[in-house]
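Asker: Fold the following and give me the result.
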Amino acid sequence: MTDLRTRRVGFVGGGAMAEALCGGLVAAGVPAGQIRAADPDAQRRRLLAERLGIEVFAENRDAVTASDVVVIALKPSVVPRALTEVRDAAAKAQPLWISLAAGVRLSALSAALSDDARIVRAMSNTPAQVRCGATAICGNERASSDDLALARALFESVGVCWQTADEALLDAVTGLSGSGPAYVFVFLEALTDAGVRVGLPRDAASLLARQTVLGAARLVEATGRHPAELKDQVTSPGGTTIAGLERLEAGGLRAALYEAVAAATRRSRELAGS
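Answerer: As a prediction, the model looks like this:
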């Protein structure tokens, strides 16, 4: 984070993801005075200023001017117009642009800015709000290795970050980790309901289900072992776990996940027009 501590970071858009990243930067040691954000919603600006102590503006140009790094945290549909409005304000500083807009290609970002713009496109997810995010990044030809390292540092302040040179893979990232929290939420809801169905009080079923999901993920992370190996560790011959796993396979859980990721990936490509 050494480089980021010396950079001025501006956010165009002050929604939940921008708030998560601003909070991650502050927690990682970036002075709040070096972070600024623009949002048209006065209540949102007040919340960001009170919670994080950062400077806030109503106009995007004010957040961009003199920033070394500009994070685009807007809905995809408004990104081209917003970038056209702020590019002149950023001309002197020539910042690194980092876009969180799903489906907006590097070529479209460059067209809205300039051919010389250094741009990193990112696909993150909502657990970044609790600093457990999963992000993938890809830079354009103008983005240097230092630019990409800076972008990685930004997203590692709120979770993990994976870098790719193939922009097309960001659609697959969208299908897996971008949409993935929703798949896990459905699984967690169903696991809780299943506990209630076999007689557990709902509060107990909810507590046990969410801790089981959290603990299983942490166990994979902490041990570095393959999930299949950890699964086998708790699956005794003729026992309870194998009986449950048999029903999951019969119900098509694995195939359903394959199809969910594939469908979300296809939809990401469709939205991007490719």
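Asker: Who are the contact partners of S124?
Answerer: Counting by Cβ atoms under 8 Å, 6 or more residues apart in numbering, S124 touches 17, 100, 133-135, 155, 158-159, 178. No exception for glycine: its C-beta is placed from N, CA and C like everyone else's.
Asker: want to throw those residues into TSV with neighbour count and pLDDT?
Answerer: TSV is the format used below for the contacts of S124 (neighbours: other Cβ atoms under 10 Å; pLDDT from 0 to 100):
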residue	neighbour count	pLDDT
M17	21	93
L100	25	96
G133	24	95
A134	22	97
T135	25	97
F155	25	95
V158	26	94
G159	20	96
G178	23	95
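Asker: Relative to S107, which of those is nearest.
Answerer: The nearest member of the contacts of S124 to S107, counting by Cβ to Cβ, is L100 at 17.0 Å.
Asker: show me what contacts that closest one?
Answerer: Here L100 is in contact with 17, 71-74, 122-124 (Cβ under 8 Å, 6+ apart).
Asker: so which pair among these is furthest apart in space?
Answerer: The widest separation within the contacts of L100 (Cβ to Cβ) is 14.7 Å, between L74 and M123.
Asker: Which of those two has more residues huddled nearby?
Answerer: M123 (27 against 23; other Cβ atoms under 10 Å).
Asker: wouldn't L21 be in contact with F11 here?
Answerer: Yes - using Cβ atoms under 8 Å, L21 is in contact with F11, at 7.3 Å.
Asker: All the strands of the stretch 151-274 of the chain, in order from the start?
Answerer: For the stretch 151-274 of the chain, the strands defined by DSSP state E, counting those that start in this stretch cover 159-163.
Asker: mind listing what's buried in stretch 259-273?
Answerer: Judged by neighbour count (16 or more other Cβ atoms under 10 Å), stretch 259-273 contains these buried residues: 260-261, 264-265, 268, 272.
Asker: Kindly report the same for stretch 34-54.
Answerer: 34-39, 44-45, 48, 52, 54.
Asker: for the longest helix along the chain, packing partners?
Answerer: Longest helix in the chain by number of residues (criterion: DSSP state H): helix 202-223. Counting contacts by 3 or more Cβ pairs under 8 Å, 6 or more residues apart in numbering; DSSP states H and E, helix 202-223 packs against helix 180-197, helix 227-233.
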